[in-house]
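Q: sequence and predicted structure are below.
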Amino acid sequence: MAEATASPRLVARRLVVAVIAVMAVAGVLALLAHLLQGSATPAPPARNPFGTGLREAAPEPTGFGAFILAIQSEYYRQLTAAVQAMKEDGAAFWSLVAVGFAYGVFHAAGPGHGKGVISGYIVANGRSLKRGVGLSFAAALVQALVAIALIAVLALALNATARSINETARFVELASFAAVALMGAAVLWRKAGRFVAIGLPQAGAASCDDDCGHVHIPPPDALDRMRDWREMAGIALAAGIRPCSGALIVLVFALSQGLFAAGVAATLAMALGTALTTGALAALAVFAKALALRLAGGRGLTGARIVAGLEVLAGAFVLVLGLALLAGLWAAAGAS
Amino acid sequence: MIPTTKRHTAAAVAALAAALSAAPAAAHPHVWVTARSEVLYDGKGEMTGVRHIWTFDAAYSAFAVQGLDKNGDGKISPDELKELAQVNVESLNEYGYFTVAKANGAKVAFTDPQDYGLTYDNGALTLTFTLPVARPARADKLLSLEVYDPTYFVSFAMAEGDDAVRLAGGPSGCKTNVTRPKQPDPAKMQELSESFFESLSANSTFGADFANRVLVACP
């Protein structure tokens, strides 16, 4: 297999493919950003104006964005109102869970990087619908658990200040963005290798009898499967590990009302809602990939090259996303 | 055939890219502030500053004061909030204190806040600070004051009632007019009411409407 025969020429080609893909993706995203006069890649979360708590990407409060924005803020307010209501009446628990779920559905309709990471990964690897949706749920669950763990340890156990919670969350955020970039780089490198390998004679195959024009995709063996699971776990972590600031605030608020368990339930309900929306987008990515595969199917080498090229671009997209988020953090740190 | 494939693939990529990147950016407010403001004049028709009194919503208040009850007496005193108050005003610098003022039509420059402090009562945190002007600005005819976060992370609303904006030492006979952002009626919070959706029609300006505009017109 070509991946194994790492001749310097192949490595160089692979590198060239990877660099071109990154430049193409970055260029297109920059162009989109310019055309939309907004952030094509999710804008890096800016600093919190009161110096406490994370804050999220800047909104574009017009048109459809305004609509989502309005619904979100409405549900968010209902969420905090439901926590307060629970203090008087335990029956408000179910409305708290229901509102948390609804909030999650709409909140995830925003520009968070998690969806980009998961969709990009799916396009790069052609995951099944089941896996795509599974990834979305795993990422959402990771996000909820990180928020719950952060507050349980920092606020509940250590009685840390909002500022320390914020600093810890920022560290988690940095790790999350770095993980996105790393996962993107890993996928891109692998896919670039496959792209380069397409059409090359199989290692050891001296002649070109009935093999030519026929693509060799190595059958997934046990090793591949293990790498698969590792990679999917990495993607779920990278996409989900950054806690959402709304969840942090709701958890601390619930804690201050002596209703931490209710806050945990609301956070998990939020995750379920988030998973639903992210899963829908993941499904879209699965279908897009399937469509591309079908269109390219039976077109021999060219079709395979197009699909492999698409996969390389998707890998590059995840890498660029991670780098853009890191650059945003760096810029924000430099400005402060 | 091949060009068709390419076109289709390109279309699929484009659709996906659009779905990923052009998704509506939608950060919604995580902090709600009920604002009261006092415009400070020097008694000679010149504006010398603004004093803001901003009260935060219950959830954010609880978050902000988490872990600050240093002496563990169950109360959070202004002293225990001193450090946070400083962090607040320092962080607000980057955002221009969410305050835009024009005196007789000319933009007013502010300097570092003074007399700042936080209080915590009944689960609500209140930030108070004075924003002095860099140099006194003639405002004997018209003064406009806007308090809002263009990124909508913080949702500002001037307090209800006539005392939301006060004038200290202003020219006599001035009329104050406060325009508040159109926000969903808190009373209808239980339901996403029909009128709420109607207010988000095609030419919805949910975004543009969140500025609080104060106009002080003097004879």
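A: It's in.
Q: tell me where the model's unsure across chain B.
A: B:1-28, B:151, B:182-210 (pLDDT under 70).
Q: please apply the same query to the stretch 201-336 of chain A.
A: In the stretch 201-336 of chain A, residues with pLDDT under 70: A:201-224, A:298, A:331-336.
Q: near chain B, which residues of it? Just list them.
A: Within reach of chain B by CB under 8 Å from any CB of the partner chain, the stretch 201-336 of chain A has these residues: A:245-246, A:248-250, A:252-253, A:255-257, A:281, A:284-285, A:288, A:291-292, A:295-296, A:299, A:302-303, A:306-307, A:310, A:313, A:317, A:335-336. C-beta: built from backbone N, CA, C; applies to glycine.
Q: can you do 7 Å?
A: Neighbours of chain B within the stretch 201-336 of chain A, by CB under 7 Å from any CB of the partner chain: A:245-246, A:249-250, A:252-253, A:256, A:281, A:284-285, A:288, A:291-292, A:295-296, A:299, A:302-303, A:306, A:310, A:313.
Q: show me where chain B has its strands.
A: B:31-41, B:46-56, B:99-103, B:106-107, B:114-121, B:124-138, B:142-147, B:154-158, B:165-168, B:175-179, B:212-217 (DSSP state E).
Q: returning to what we had before: taking the residues of the stretch 201-336 of chain A next to chain B one by one, which sit in helices?
A: Secondary structure from DSSP state H places A:245-246, A:249-250, A:252-253, A:256, A:281, A:284-285, A:288, A:291-292, A:295-296, A:302-303, A:306, A:310, A:313 of these in helices.
Q: buried subset of those?
A: If you count burial by 16 or more other CB atoms under 10 Å in any protein chain shown, the buried members of these come out as A:245-246, A:249-250, A:252-253, A:256, A:281, A:284-285, A:288, A:291-292, A:295-296, A:302-303, A:306, A:310, A:313.
Q: and residue A:229, how far from residue A:131?
A: Distance, residue A:229 to residue A:131, by CB to CB, to the nearest Å: 10 Å.
Q: compare these two (neighbour count), which wins?
A: Neighbour count, other CB atoms under 10 Å in any protein chain shown: between residue A:229 and residue A:131, residue A:131 has more, with 18 against 10.
Q: and the more buried one, what element?
A: Assigning secondary structure by DSSP states H and E places residue A:131 in helix A:129-150.
Q: C-alpha coordinates for that helix, CSV please?
A: Backbone C-alpha positions of helix A:129-150 (Å, rounded to 0.1, in the frame of the first residue of the first chain) are rendered in CSV as follows:
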residue,chain,number,x,y,z
LEU,A,129,-25.8,8.1,9.4
LYS,A,130,-25.8,6.1,12.6
ARG,A,131,-22.2,7.1,13.3
GLY,A,132,-22.8,10.7,12.4
VAL,A,133,-25.7,11.0,14.7
GLY,A,134,-23.8,9.0,17.4
LEU,A,135,-20.9,11.5,17.1
SER,A,136,-23.3,14.4,17.6
PHE,A,137,-24.8,12.8,20.7
ALA,A,138,-21.4,11.9,22.1
ALA,A,139,-20.1,15.5,21.5
ALA,A,140,-23.2,17.0,23.2
LEU,A,141,-22.9,14.7,26.1
VAL,A,142,-19.2,15.5,26.5
GLN,A,143,-20.2,19.2,26.5
ALA,A,144,-22.8,18.7,29.2
LEU,A,145,-20.5,16.5,31.3
VAL,A,146,-17.6,19.0,31.1
ALA,A,147,-19.9,21.8,32.3
ILE,A,148,-21.3,19.7,35.1
ALA,A,149,-17.9,18.5,36.2
LEU,A,150,-16.4,22.0,36.1
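Q: with adjacent residues omitted, what lies nearest to the residue nearest the centre of chain A?
A: By CA atoms, centre = their mean, chain A has its centre lying nearest to residue A:114, at 2.4 Å. With CB to CB, 6 or more residues apart in numbering or on different chains as the criterion, residue A:114 has its nearest non-adjacent residue at 3.9 Å, and that residue is residue A:239.
Q: so what's that neighbour up against?
A: A:114, A:117-118, A:139 (CB atoms under 7 Å, 6 or more residues apart in numbering or on different chains).
Q: distance of residue B:105 relative to residue B:47?
A: Distance from residue B:105 to residue B:47, by CB to CB: 13 Å.
Q: these two: which is more packed in?
A: For residue B:105 versus residue B:47, the count of surrounding residues by other CB under 10 Å is larger for residue B:47: 26 against 11.
Q: right, and that one touches residue B:142 too?
A: No - with contacts counted by CB atoms under 7 Å, residue B:47 stays clear of residue B:142, the gap being 10.8 Å.
Q: hey, what's in contact with both of residue B:105 and residue B:47?
A: Joint contacts of residue B:105 and residue B:47 (CB under 7 Å, 6+ apart) do not exist.
Q: if we ignore the residues flanking it in sequence, what's nearest residue A:119?
A: residue A:285 (3.9 Å).
Q: tally of neighbours for residue B:112?
A: Residue B:112 has 13 nearby residues by other CB under 10 Å.
Q: surely the residue nearest to the centre of chain A meets residue A:139?
A: Yes - using CB under 7 Å, residue A:114 is in contact with residue A:139, at 5.5 Å.
Q: buried residues in stretch A:264-282?
A: Buried positions in stretch A:264-282, judged by neighbour count with 16+ other CB under 10 Å: A:264-282.
Q: brain fart, stretch A:134-149
A: A:134-148.
Q: out of those, who's nearest chain B?
A: residue A:147 (12.4 Å; CB to the nearest CB).
Q: could you list every residue that touches the closest one?
A: Here residue A:147 is in contact with A:243-244, A:247-248, A:251, A:267 (CB under 7 Å, 6+ apart).
Q: so where's the stretch 1-150 of chain A uncertain?
A: For the stretch 1-150 of chain A (pLDDT under 70), the answer is A:1-6, A:33-69, A:109-112.
Q: quick one: the helices in it?
A: A:8-36, A:63-88, A:92-107, A:113-125, A:129-150 (DSSP state H, counting those that start in this stretch).
Q: deepest-packed of those helices, please.
A: Scoring these by mean neighbour count under mean count of other CB atoms under 10 Å in any protein chain shown gives helix A:113-125 as the most buried, with a mean of 27.
Q: hmm, residue B:123 is touching residue B:61, no?
A: Yes - counting by CB under 7 Å, residue B:123 does reach residue B:61; the two are 6.0 Å apart.
Q: can you list the residues that contact stretch B:211-219?
A: So stretch B:211-219 is contacted by B:35, B:37, B:39, B:140-148, B:156-158, B:165, B:167, B:170-171, B:173-181 (CB under 7 Å, 6+ apart).
Q: list the buried residues of it.
A: B:211-216, B:218.
Q: what's the answer for stretch B:68-86, then?
A: B:68, B:76, B:80-81, B:84-85.
Q: of the residues you listed, list those near chain A.
A: residue B:68.
Q: out of the buried residues of stretch B:68-86, the closest to chain A would be?
A: Relative to chain A, and with distances defined as CB to the nearest CB, the nearest of the buried residues of stretch B:68-86 is residue B:68, at 5.8 Å.
Q: for residue A:160, see how far away that closest one is.
A: 10 Å.
Q: same check, this time on residue A:113
A: In terms of CB to CB, residue A:113 sits 26 Å off from residue A:160.
Q: again, but for residue A:154
A: Separation of residue A:154 from residue A:160 (CB to CB) stands at 4 Å.
Q: what is in contact with the two at once?
A: Joint contacts of residue A:154 and residue A:160 (CB under 7 Å, 6+ apart) do not exist.
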